[in-house]
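> coords please:
(2 chains)
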Protein chains: 2
Amino acid sequence: MASDKKPRRPRAETPKGFRDYFGAEVTERTDMLATIAEVYRAHGFDPLETSAVETVEALGKFLPDVDRPNEGVFAWQDEGGDWLALRYDMTAPLARVAAQFRNDLPSPYRRYTMGPVWRNEKPGPGRFRQFYQCDADTVGAPTVAADAEICGMLSDTLEAVGIPRGDYLIRVNNRKVLNGVMEVAGVLDPSDPAKFADERGIVLRAIDKFDKFGEAGVRALIGAGRLDESGDFTKGAGLSDEQADIVMGFMQAKRDTGAATAARLRELVTGSALGAAGVDELDLIATLLDGQGYGADRIVIDPSVVRGLGYYTGPVFEAELTFEILDEKGRKRSFGSVSGGGRYDDLVKRFTGQEVPATGVSIGVDRLLAALRAKGRIGGKAEGPVVVTVMDRDRMGDYLAMASELRRAGIRAEVYLGNPKNFGNQLKYADKRESPVAVIQGTDEAGRGVVQIKDLVLGAKIAASASLEEWKNQPAQVEVPRAEMVETVRRMLGLGV
Amino acid sequence: MASDKKPRRPRAETPKGFRDYFGAEVTERTDMLATIAEVYRAHGFDPLETSAVETVEALGKFLPDVDRPNEGVFAWQDEGGDWLALRYDMTAPLARVAAQFRNDLPSPYRRYTMGPVWRNEKPGPGRFRQFYQCDADTVGAPTVAADAEICGMLSDTLEAVGIPRGDYLIRVNNRKVLNGVMEVAGVLDPSDPAKFADERGIVLRAIDKFDKFGEAGVRALIGAGRLDESGDFTKGAGLSDEQADIVMGFMQAKRDTGAATAARLRELVTGSALGAAGVDELDLIATLLDGQGYGADRIVIDPSVVRGLGYYTGPVFEAELTFEILDEKGRKRSFGSVSGGGRYDDLVKRFTGQEVPATGVSIGVDRLLAALRAKGRIGGKAEGPVVVTVMDRDRMGDYLAMASELRRAGIRAEVYLGNPKNFGNQLKYADKRESPVAVIQGTDEAGRGVVQIKDLVLGAKIAASASLEEWKNQPAQVEVPRAEMVETVRRMLGLGV
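Coordinates of the predicted model:
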């Protein structure tokens, strides 16, 4: 259809909160995912890849009193009227799969999965609306040996991707202990679990913010409420000072050894059967991990870990990187959490009505990559290709053959395919690609059966610093017979000949 | 919040047209993507990963006269009123990136990308709404050497993933030749490109359906129209018999050699400058590929290839698997196309107003995997873990230590974490996991410092076929000292000790 009206040009922009990943950013993530998959597989976990799209019903984010279920998720209505959405984590799809294929899957079902998840949240610096998660979960294993296994595997995984022992710590707690403490403090009635649920929610979120608000802030939040610096008031849980003392005592129950911490916790939950069961579980996890050599330098019991999510029902755990990095303003700060998980015995029940015990861990791969980059452990120079330059555009076939030959010898290589008129542009291109070597053959060289081979790494060094003497002794460009091209390039790249 | 009303349970279902991938389905795809990436990288292509979500404006699917841009894409409106959508291919996001980062990217920009794309289309057998694409494109290279490079790389890629020479064919054509033929046939006026655009669209789609409708069907479609078996009538392009002869002559111009085909095409486009330029390009591509040893057993010029997409402007190509497979009804059929691409010089221009030459290829990874599975070249048994059974639940620590030891020796291993009460269930579990070996240690064995090691592969063979004599000579279960557990398992798995 012809039109006289020129349409407005579309904007070439990523949507707000999304970004593109180039070159080494992609390969470094691919490599990390492969390493993690290897550790998970060795532990008997099998891969699963669900689709990015789920029904909102299965994700459990549909609020009947709201028109659009877009609270935190990207959702749309399909032609049939069903609401679909992008998954916001890997746990909800697993619960759906465990219910849908419950007659076919082995039980227990150990699975790992890796891929992007999407959150319809306000983006911020370093916070994107699409990011990678890499999860491992065991569905159908009631024993806390499954939780212990996952904590140990998380430790192995962090070391496998390049976080040495001493640079991370996995902290383990148990929601049952916390609930036992709530019972002792009088904000949980085992005969009426719904009573005080709001108060407990506030306490849970307050404990999770200990790092941010400190003891006084948490105490205010579990008591009358907290007034922040700007003058805004956050309603508190309304606990009395006596009740608050019990909760604060729990948070600060960590002792030098796991046994001492467990003993202190046992005191705190005196009188609560649930709390006692939680301490027993923590004891068993600690014993199982100790028996496999995961000492307190890697995994510790720490009552201050609660994990924000409401669905955890037993052990919870978190991996923290303990080293300091410089933030965007050059201030030192500890890197913080890169992974977390715990036991959730009720998620599959949503679908089937039957309780299915499950526990799992999620690694924030993008955060882990950021940590390794901040420490300079990955993010070296990308390895550019050898560039075969084009001196004579009628001899393109010869240049393509040179690149083929180099590739057959295991060397990444390409022919310059832009406009060859300006040779300087070809070398600028090679520079931008971080090419180590350029191959040059004009009509004259072709006639004499030779090629020029330019060591671009050495050339850059000489240009930057060398004296004239050095330049003479170690020329960055050599002329060799065409038949010796591959051999010469391999030598320049430090490969065997 | 307490509620007396029991909410309806959500259905545990994948949304219509989506599916989950388990175990080897995931690892086989991961392995194939890694192999393809290696070939692409060797040719100088750099990885790019764009987000799954784009603005509808950037994708170019917004129709101003429609409320919702859901024609073929999954789209939704964000809070700010902008329409967002899941990418439906990898080319549209590349055009956006090439425009957005044009000052930072090298030029030419060779990039590869791999990941899922989404189509809001009616699903069918084997047709899903999410599938993988694996693309390589060169942006900013005007020379058809770039197209030749991509055809050669496609050939290398197919062989690298396990399609041997002779089982595939890459067919190359050029839209300019087709347009030259249209000009000669009188349905293209170079001074008014918009004229006859509808007719040309019908001709293009008709040629693309040659395999399906045969010569008579295509002739009907480019002429008066086609009546199908059900009685439905499809409007034709309205070409006269004489015009139709010219178009049909083009489709059937393939000769035994590339040179003969090119000569025949040159006759057909006599009088059209555009057509002659197209034949020149085909000639050059053939020469460049021949020079690198890509003969007619791998890449041929074939005028019947047109590729449906409207945006191609020059060379187009398609890779077809030439072997036959059995379809779901047991009938033999040729597997068909697994990859296609071509030159599109106008896509980046949408954003910048400046023409940017580009060419690329897309591999349908899921189809390629299906082909390899149909030929039995992948899809062997999954390699299950060694299962350490639990005879005595108080000795969980010992069992976990055994699994750790096995893993440290490079063996995939896990402890059974279901309810250990029924030992038969543990062996059934090992069977479902396709475990090669089970390790057993009850109280008695522990007291004597030994373990039982059961060869499940051999056991299954004996159960299926062996005589009593054979059973005696080669027992499927052995008792060994605990210290020899790892060594014995390694021997049973056929690994070095």
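> Sketch out the helices for the stretch 151-300 of chain A, chain order is fine.
Taking DSSP state H, counting those that start in this stretch, the helices of the stretch 151-300 of chain A run over residues A:175-185, A:197-208, A:210-222, A:241-251, A:258-268, A:273-291.
> Which residue ranges of the stretch 351-497 of chain A form strands?
For the stretch 351-497 of chain A, the strands defined by DSSP state E, counting those that start in this stretch cover A:358-364, A:386-388, A:413-415, A:437-440, A:450-455, A:477-481.
> Contact residues of the stretch 301-450 of chain A facing chain B?
Within reach of chain B by CB under 8 Å from any CB of the partner chain, the stretch 301-450 of chain A has these residues: A:350-353, A:382, A:385, A:387, A:393, A:396-398, A:400-401, A:403-404, A:407, A:412-419, A:429, A:432-433. Placement of C-beta: from N, CA and C, glycine included.
> Which of the strands of the stretch 351-497 of chain A sits closest to residue B:46?
Closest of the strands of the stretch 351-497 of chain A to residue B:46 is strand A:413-415, at 10.5 Å (criterion: CB to CB).
> okay, now the domains of chain A?
By the record's domain assignment, chain A is partitioned as A:24-46+A:99-111+A:134-187+A:239-374, A:386-492 (automatic domain parsing).
> which of those is buried the deepest?
Among the domains of chain A, domain A:24-46+A:99-111+A:134-187+A:239-374 has the highest mean neighbour count (mean count of other CB atoms under 10 Å in any protein chain shown), at a mean of 20.
> Quote the end-to-end distance of that one.
Distance between the two ends of domain A:24-46+A:99-111+A:134-187+A:239-374: 15 Å, counting by CA to CA, to the nearest Å.
> I'd like the mean pLDDT over that domain, please.
Domain A:24-46+A:99-111+A:134-187+A:239-374 carries an average pLDDT of 92.
> what about it, distance to the chain center?
15 Å (CA atoms, centre = their mean, to the nearest Å).
> quick one on the thing from earlier: using TSV, lay out the helices of the stretch 151-300 of chain A together with distance to residue A:54.
What follows is the helices of the stretch 151-300 of chain A, written out as TSV (distance: least, CB to CB, whole Å):
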stretch	distance to residue A:54
helix A:175-185	26
helix A:197-208	26
helix A:210-222	32
helix A:241-251	36
helix A:258-268	38
helix A:273-291	32
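> of the ones you listed, which approaches residue B:87 most closely?
Closest approach to residue B:87 among the helices of the stretch 151-300 of chain A is made by helix A:197-208 (36.0 Å; CB to CB).
> The closest one versus helix A:210-222: what angle between them?
Computed by axes from the mean of the first three to the mean of the last three CA atoms, to 10 degrees, the angle separating helix A:197-208 from helix A:210-222 equals 150 degrees.
> hang on, the earlier thing: in helices only, show me the residues of the stretch 301-450 of chain A next to chain B.
Among those, the residues falling in helices (DSSP state H) are A:350-352, A:396-398, A:400-401, A:403-404, A:407, A:429, A:432.
> Closest to the centroid, which residue in chain A?
Nearest to the geometric centre of chain A sits residue A:365, at 1.6 Å (CA atoms, centre = their mean).
> check contacts around that one.
Shown in contact with residue A:365 (CB atoms under 8 Å, 6 or more residues apart in numbering or on different chains): A:29, A:32-33, A:36, A:114, A:131-134.
> re the thing from before, tabulate the helices of the stretch 151-300 of chain A in JSON lines, adding columns for distance to chain B.
As requested, the helices of the stretch 151-300 of chain A are exported to JSON lines (distance: least, CB to the nearest CB, whole Å):
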{"stretch": "helix A:175-185", "distance to chain B": "17"}
{"stretch": "helix A:197-208", "distance to chain B": "8"}
{"stretch": "helix A:210-222", "distance to chain B": "21"}
{"stretch": "helix A:241-251", "distance to chain B": "22"}
{"stretch": "helix A:258-268", "distance to chain B": "15"}
{"stretch": "helix A:273-291", "distance to chain B": "4"}
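> isn't residue A:142 right up against residue A:357?
Yes: counting by CB atoms under 8 Å, residue A:142 touches residue A:357, with 4.4 Å between them.
> Report the beta-bridge partner residues of residue A:319.
When bridges are called by DSSP bridges, residue A:319 pairs up with residue A:170, residue A:339.
> Hmm, it is touching residue A:161, no?
No: between residue A:319 and residue A:161 there is no contact under CB under 8 Å: 11.4 Å.
> Now render the domains of chain A as CSV, adding distance to residue B:263.
Below are the domains of chain A laid out as CSV (distance: least, CB to CB, whole Å):
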stretch, distance to residue B:263
domain A:24-46+A:99-111+A:134-187+A:239-374, 45
domain A:386-492, 20
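> Return the set of buried residues in stretch A:112-130.
A:112-120, A:128-130 (16 or more other CB atoms under 10 Å in any protein chain shown).
> just stretch A:217-226 next, same as before
Using 16+ other CB under 10 Å as the test for burial, stretch A:217-226 gives A:217-224, A:226.
> can you put these in TSV and add pLDDT?
Output for those, formatted as TSV (pLDDT from 0 to 100):
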residue	pLDDT
A:217	90
A:218	90
A:219	91
A:220	91
A:221	91
A:222	90
A:223	90
A:224	88
A:226	90
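> Make CSV out of the residues you listed and add distance to residue B:293.
What follows is the buried residues of stretch A:217-226, written out as CSV (distance: CB to CB, whole Å):
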residue, distance to residue B:293
A:217, 72
A:218, 72
A:219, 77
A:220, 77
A:221, 73
A:222, 75
A:223, 80
A:224, 82
A:226, 74
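> Closest one to residue B:483 out of those residues, please.
Nearest to residue B:483 among these: residue A:218, at 51.7 Å, using CB to CB.
> Quick check: the gap between the closest one and residue A:458.
To residue A:458, residue A:218 is 60 Å away according to CB to CB, to the nearest Å.
> quick one: which of the buried residues of stretch A:217-226 is nearest residue B:211?
For the buried residues of stretch A:217-226, the minimum distance to residue B:211 (CB to CB) is 69.5 Å, reached by residue A:221.
> who touches the residue lying closest to that closest one once chain neighbours are set aside in this structure?
Leaving aside its sequence neighbours, residue A:221 sits nearest to residue A:206 (CB to CB, 6 or more residues apart in numbering or on different chains; 3.8 Å). Shown in contact with residue A:206 (CB under 8 Å, 6+ apart): A:213, A:218, A:221-222, A:237.
> Kindly report the same for residue A:199.
So residue A:199 contacts A:187, A:237-239 (CB under 8 Å, 6+ apart).
> Adding distance to residue A:307, write the strands of the stretch 351-497 of chain A out as TSV.
Output for the strands of the stretch 351-497 of chain A, formatted as TSV (distance: least, CB to CB, whole Å):
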stretch	distance to residue A:307
strand A:358-364	11
strand A:386-388	50
strand A:413-415	49
strand A:437-440	52
strand A:450-455	54
strand A:477-481	60
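> which stretch among those comes nearest residue B:194?
Among the strands of the stretch 351-497 of chain A, the nearest to residue B:194 by CB to CB is strand A:413-415 (37.4 Å).
> Can you name the residues in contact with the closest one?
Residues outside strand A:413-415 that contact it (CB under 8 Å, 6+ apart) are A:385-388, A:390, A:396, A:399-400, A:402-403, A:406-407, B:42-44, B:110, B:145, B:149.
> if you set the cut-off to 10 Å instead, what comes out?
With CB atoms under 10 Å, 6 or more residues apart in numbering or on different chains as the contact definition, strand A:413-415 has outside contacts at A:384-390, A:396, A:398-407, A:430, A:433, A:435, A:437, A:439, A:486, A:489, B:42-45, B:108, B:110, B:138, B:141, B:143, B:145-146, B:149.
> Many thanks, we can stop here.
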